[in-house]
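In: Provide a 3D model corresponding to the input given below.
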Amino acid sequence: MRILALDSATENCSVALLIGRRLIAREQLLERGHAEHILPMADALLKEADVSLGALSAIAFGRGPGSFTGVRLAASVAQGLAFGAGLPVVPISDLRALAQRVMELDAAVTRVLVCNDARMHEVYWGLLRASASGGGRGRGAGRAGRQTGHGDPAGELVERAWRRTCGRIRVCRLPGAASGPGWTSGPRP
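Out: Predicted coordinates:
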């Protein structure tokens, strides 16, 4: 399986190429200007791996939530490349992907609260838990489930949802607590 993945929904513009179990990735934190970087990054990865666009199995893109322009950029680039090469396009939830990565890094984690900065002191958030369906993670758990929202990062909605399912909020990158750049958005108490 050969998959090219593009994401520009957040300030982290990224491109990844998965060939079998080998992953090559490029990312750049950008305030703006994703459009100028995403295609050259994809081209560099394909050249590095010595793989042509037509030899891919699919093209994936981060479907958000995130910047409206960023999501449109990733979707349109993915669709344009895929159309030209006759490949399928696979939309991927940014929140679920981040939660899945946290759960893959620590098998003891079964719930993740992801918060990504939505600007204007708000976040896109998802409270996700491992489900029995799907694979990819050892010791019985599967892919991240879904439950998402949008709101104030310090607001009661996120805190209530987390307390109801997990207990006390602990903000950290890993394990089993919270992840995402939304934890740094908004005013400090």
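
In: how deep is Met8 tucked in, by neighbour count?
Out: Rather than Met, residue 8 is Ser. 27 (other Cβ atoms under 10 Å). C-beta here means a position set from N, CA and C on the backbone, and glycine is covered the same way.

In: er, Arg26 I mean
Out: Neighbour count for Arg26, taken as other Cβ under 10 Å: 17.

In: how does this structure divide into domains?
Out: 2-92, 94-184 (automatic domain parsing).

In: would you format these as CSV with mean pLDDT included?
Out: What follows is the domains of the chain, written out as CSV (pLDDT from 0 to 100):
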stretch, mean pLDDT
domain 2-92, 95
domain 94-184, 60
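
In: what's near enough to touch the residue lying closest to Ala74 once chain neighbours are set aside?
Out: Spatially, and ignoring its direct neighbours in sequence, Ala74 is nearest to Phe61 (4.2 Å; Cβ to Cβ, 6 or more residues apart in numbering). Counting by Cβ atoms under 8 Å, 6 or more residues apart in numbering, Phe61 touches Ala5, Leu6, Asp7, Ala74, Ala75, Val77, Ala78, Val89, Val90, Pro91, Ile92.

In: mind doing that once more with 10 Å?
Out: Phe61 makes contacts with 4-9, 38, 71, 73-79, 81-82, 89-92, 94, as judged by Cβ atoms under 10 Å, 6 or more residues apart in numbering.

In: which one's the longest helix in the chain?
Out: In the chain, taking DSSP state H as the definition, the longest helix is helix 68-85.

In: output the helix or strand just after it as CSV, restricted to C-alpha atoms.
Out: Using DSSP states H and E, the helix or strand that follows helix 68-85 towards the C-terminus is strand 89-92. Taking C-alpha atoms only, strand 89-92 is exported to CSV below (Å, rounded to 0.1, in the frame of the first residue of the first chain):
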residue,chain,number,x,y,z
VAL,A,89,-9.3,10.1,-2.3
VAL,A,90,-9.6,9.4,1.4
PRO,A,91,-10.7,12.2,3.8
ILE,A,92,-9.3,11.8,7.4
